[in-house]
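Undergrad: fold the stuff below for me.
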Amino acid sequence: MKVGVLGGTFDPVHIGHLIIAEGVREELGLDEVLFVPAGQPWLKVDHNITLAVHRIEMVRLAISRNPHFKLSEVEVERSGPSYTIDTMMELRNRLGAQVDLFFIFGCDALAQFPQWKEPKKLIELCKLAVVPRVNLVKPNLKDLESSIPGVSDRVSYVATPIIDISSSQIRGRLARGLSIRYFVPDKVEKYIANNRLYRG
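TA: Numbering: from 1, shown residues only. You can find the predicted model right below:
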């Protein structure tokens, strides 16, 4: 079984997340993709993020019509900052050694991969499915090899469509009273309106 893992704050989840997940699933032949809302991302410890209960429900609504998409609350169940290595270790324990794990993230994050917590151990736990970002080129894997030997063999570049939408852009539009129709699934748009999220 091949399982992709797409982590993120999902504040809120949007169509870009869904398009990336579906693109990677098809390109790599994944059986399912786990959406993993972050608890307290270590890179955002000084940022206010929306309560996990809302972010989880928005993801649940967004993926409800795709049988290959699943929700995992592994990070919000754990206290303290969220590190990818801890999440992947927990998922490995839950899913078993027979499952091939693919961690999905952007080429911008791959460039910073040597600064992550225990990157060498991470590539032992999973393969890396790297997707393009707007106006960014792929990092040189030879350069990464000098600090993380073996990383080249664990990276798969996946040519998903580049959707120039961000959660911060959506929050900004809502704060200004602008529409987010087509930025997020209809159910998520309705949930945000009903719960008055992101209003200025």
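Undergrad: against Leu34, how distant is the spatially closest residue to Val99 that is not a sequence neighbour?
TA: Spatially, and ignoring its direct neighbours in sequence, Val99 is nearest to Met1 (5.0 Å; C-beta to C-beta, 6 or more residues apart in numbering). Every residue, glycine included, has its C-beta placed from N, CA and C. For Met1, the distance to Leu34 (C-beta to C-beta, to the nearest Å) stands at 12 Å.
Undergrad: which one's more surrounded, these two?
TA: Leu34 (22 against 11; other C-beta atoms under 10 Å).
Undergrad: quick one: contacts for that one?
TA: 3-6, 70-72, 91 (C-beta atoms under 8 Å, 6 or more residues apart in numbering).
Undergrad: helix/strand/coil for it?
TA: Using DSSP: H, G, I helix; E, B strand; the rest coil, the structure places Leu34 in strand.
Undergrad: gap between it and His68?
TA: 10 Å.
Undergrad: what of Glu77?
TA: Glu77 is 23 Å from His68, by C-beta to C-beta.
Undergrad: tell me which of the two has more neighbours.
TA: Taking neighbours as other C-beta under 10 Å, Glu77 and His68 compare with His68 leading, 14 against 10.
Undergrad: could I get the buried residue list for stretch 191-200?
TA: 191-192, 197-198 (16 or more other C-beta atoms under 10 Å).
Undergrad: distance between the ends of that stretch?
TA: End-to-end distance for stretch 191-200, by C-alpha to C-alpha, to the nearest Å: 17 Å.
Undergrad: who touches that stretch?
TA: 12, 50, 54, 57-58, 61, 170-171, 174-177, 180, 184.
Undergrad: mean confidence (pLDDT) on that stretch, please.
TA: Here stretch 191-200 scores 94 as its mean pLDDT.
Undergrad: same question for stretch 85-102.
TA: Mean predicted confidence for stretch 85-102 is 96.
Undergrad: that one: how far from the chain's middle?
TA: The chain centre lies 16 Å from the centre of stretch 85-102; the measure is C-alpha atoms, centre = their mean, to the nearest Å.
Undergrad: can you pull out the strands in this structure?
TA: 2-8, 32-37, 40-41, 69-71, 81-82, 100-106, 127-131, 155-157 (DSSP state E).
Undergrad: want to throw the ones you listed into TSV with distance to Phe113?
TA: As requested, these are arranged in TSV below (distance: least, C-beta to C-beta, whole Å):
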stretch	distance to Phe113
strand 2-8	14
strand 32-37	18
strand 40-41	16
strand 69-71	25
strand 81-82	16
strand 100-106	9
strand 127-131	8
strand 155-157	9
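Undergrad: nearest to Lys142, of these?
TA: The closest of those to Lys142 is strand 155-157. By C-beta to C-beta, the value is 11.8 Å.
Undergrad: pull out the buried residues from the closest one.
TA: Buried residues in strand 155-157, counted by 16+ other C-beta under 10 Å: Val155.
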